[in-house]
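A.B. asks: have a look; sequence and predicted model below, questions after that.
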Amino acid sequence: VQLQASGGGLVQAGGSLRLSCAASRRAFSGYTLGWFRQAPGKEREFVAAIRWTGAVIDYADSVKGRFTISRDTAENTLYLQMSSLKPEDTAVYYCAAGPTPSTAASRYKYWGQGTLVTVSS
């Protein structure tokens, strides 16, 4: 399984950004797909996860109502639409795939390389 994240960049607070994660076809066959992030000096944290069926598993409390996770099985792509961005959303964002539904990073087996999101105040 290969994952390739993209779409990061510099955005002002209050702005929007959409991250994409191109996955090999196998990643959608019964896997859970998730987004995690890691800010400088902090541990990697859960952002959002979705089942391969399209059912959303959960969002981190800090992003609920602002971020939306989705996937397109035809394009084999996972998305994270981010709105009302805050400086504290600044982090490297990683997409991941795992065999079971979970919000724990340790349960994800495959990881993309990460894409940097910087939100200026």
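C.D. replies: Sure thing, it's come through. Numbering: from 1, shown residues only.

A.B. asks: poorly predicted segments of this structure, please.
C.D. replies: Counting by pLDDT under 70, the ranges of the chain that qualify are 27.

A.B. asks: at the geometric centre of it, which residue sits there?
C.D. replies: Trp35 (2.4 Å; Cα atoms, centre = their mean).

A.B. asks: so what's the backbone phi/psi at it?
C.D. replies: Torsion angles at Trp35 (phi, psi; degrees, to the nearest 10) stand at phi -120, psi 140.

A.B. asks: shouldn't it be in contact with Val92?
C.D. replies: No - here Trp35 lies out of contact with Val92, judged by Cβ atoms under 8 Å, at a distance of 11.2 Å. In short, each C-beta sits where N, CA and C put it, glycine included.

A.B. asks: just say helix, strand or coil for the residue nearest to the residue nearest to the centre of the chain when sequence neighbours are not counted.
C.D. replies: What sits nearest to Trp35 in space, not counting adjacent residues and going by Cβ to Cβ, 6 or more residues apart in numbering, is Val47, at 4.2 Å. What DSSP: H, G, I helix; E, B strand; the rest coil gives for Val47 is strand.
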